[in-house]
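Asks: sequence and predicted structure below; questions after.
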Amino acid sequence: MIAPVNLLLIAALAGVLSLCVLGSLARSGMAGIKETIGANLLTLLAFFAFGLQNTSAPLWLTILVPNMAIALALCAYYAGVRRLMGLGVPRHLMMIGCGVALTVLVVYTYVDWQVGPRIIAMSFLQMGFMMAVAHTIQRNMPVHRSRYSYRFVWVVALISSVVCVARAGIYLADIAVPEGILEPTFWNVAFLTLGVLVMPCLTLGTIMIIHDRMLADREQEANTDFLTGLMSRKAWWMQAERYCAQALRTRRPLTLLLLDIDYFKRINDTHGHMAGDAVLRHFGLLATATLRTGDHVGRVGGEEFGVLFPDMRGDAVMDVAARLLDSVRRTPCSHGGSTISYTFSAGVAEWVPGENLQVFFERADRKLYAAKAAGRNRIVGPGLDAERPQLPVAA
């Protein structure tokens, strides 16, 4: 049977390795990393102080300090999880729990020496924090991303809770005689083996969650146009290819609206490039407010935008485009004390079964240029040409 002091040394080594990895992630500025680092440092302090129990060190150092370090480590880790999920931290509730545990420790160390109540109090405290961690993780798992790392932390927290309940129950029922943590009894070694693995495993799960969040942020940056907040050209194009493939399988309609802001160079020359950027952002907001959630809109050029309408025919898209053009005309952009009115020209094309995205895009592009050639501020749709452009709203 491995000695408890050796278990503490192994756990301390695992904690040091966890700190090295967390330190490499600290520069990312991700919420929750600092708290997790603090939890590991406090756990290392607890292991060191526990290791002094068979020496002549005072009781406050070998009992109060390590147990309160564990309590504060639980607080720090739970706070880190809450912050990582973008939630508030219930500091008052955590302080009450730690205060009750500290009171029990002091009473049964200096007033009435008993090991059992101290073990039971710390077991219930850890159980409470682990249940809170599991509940927080379960309520905030991502919907559209892998949940592996979240489930890992959830399982570790639940197992730790069960172990704490079992430990408290065994000592409440007098199944085992409470002994100091360094005594090589069966129950000590069993619970210590499981206990020292908790923080390294939780830290590993947190590192995986942080890595997943960082990857999601990078993907979001790559898929989002930094100026308008709409889909980037690459992300939009990839989505369009998926929709074309889906339309080919299901034979369901797919329509493309391609639009270009009219006289955009004149806006830049007259009002400045910052005003031009403001117009692009303004259009992005109007498009997001006007279009359906499932209508994928992206910035495909400097002042050119594409919108995919799955399950919609060309005539329905013409109505939507007319509403968008009317919204743009009625809601000018405000910038630097000036009001900038603008319009757009657009082309609408329905997908033809078997047609690749490039040909589909070029057909919509030709209709867009037909709208420009016909005087701008209009939409050319399916079945219409440059000589007979549709004017969705009065000029």
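Replies: Cool, got the structure. No experiment lies behind these values; they were computed from the predicted model shown.

Asks: the helix or strand of the chain with the lowest mean pLDDT packs against which elements?
Replies: None of the helices or strands of the chain scores lower by mean pLDDT, DSSP states H and E than helix 186-196, at a mean of 71. The helices and strands touching helix 186-196, judged by 3 or more Cβ pairs under 8 Å, 6 or more residues apart in numbering; DSSP states H and E, are helix 4-25, helix 148-172. Bear in mind the C-beta positions are built from the backbone N, C-alpha and C, glycine included.

Asks: among the ones you listed, which is nearest T193?
Replies: Counting by Cβ to Cβ, T193 lies closest to helix 4-25 out of the helices and strands packed on helix 186-196; the figure is 6.0 Å.

Asks: returning to what we had before: and after the least confident helix or strand of the chain, which helix or strand comes next?
Replies: Next helix or strand after helix 186-196 toward the C-terminus (DSSP states H and E): helix 198-223.

Asks: would you mark the buried spots in that following helix?
Replies: 198-210, 212-213 (16 or more other Cβ atoms under 10 Å).

Asks: re earlier: what's the most buried one of the helices and strands packed on helix 186-196?
Replies: Neighbour counts (mean count of other Cβ atoms under 10 Å) averaged over each of these peak at helix 148-172, with a mean of 19.

Asks: quick one on the thing from earlier: and the buried residues of helix 198-223, which is closest to P117?
Replies: P117 lies nearest to V198 out of these, by Cβ to Cβ, at 21.7 Å.

Asks: gap between the closest residue to the closest one other than its chain neighbours and L202?
Replies: Nearest in space to V198, with sequence neighbours left out and distances taken as Cβ to Cβ, 6 or more residues apart in numbering, is S160 at 4.8 Å. Distance of S160 to L202, computed by Cβ to Cβ, to the nearest Å: 8 Å.

Asks: over to N268. Which of the three states is it?
Replies: Reducing the assignment at N268 to three states with DSSP: H, G, I helix; E, B strand; the rest coil gives helix.

Asks: could you report the pLDDT at the closest residue to it other than its chain neighbours?
Replies: Using Cβ to Cβ, 6+ apart and skipping the chain neighbours, the partner closest in space to N268 is G276 (4.2 Å). Reading off the confidence values, G276 has pLDDT 92.

Asks: and for the one 5 residues further on?
Replies: If you check R281, the pLDDT there is 94.

Asks: list phi and psi for it.
Replies: Main-chain torsions, R281, degrees, to the nearest 10: phi -60, psi -40.

Asks: what's the closest of the helices and strands packed on helix 186-196 to A322?
Replies: Per Cβ to Cβ, nearest to A322 of those: helix 148-172, 44.6 Å.

Asks: list the helices and strands that closest one packs on?
Replies: Using 3+ Cβ pairs under 8 Å, 6+ apart: helix 148-172 touches helix 115-139, helix 186-196, helix 198-223.
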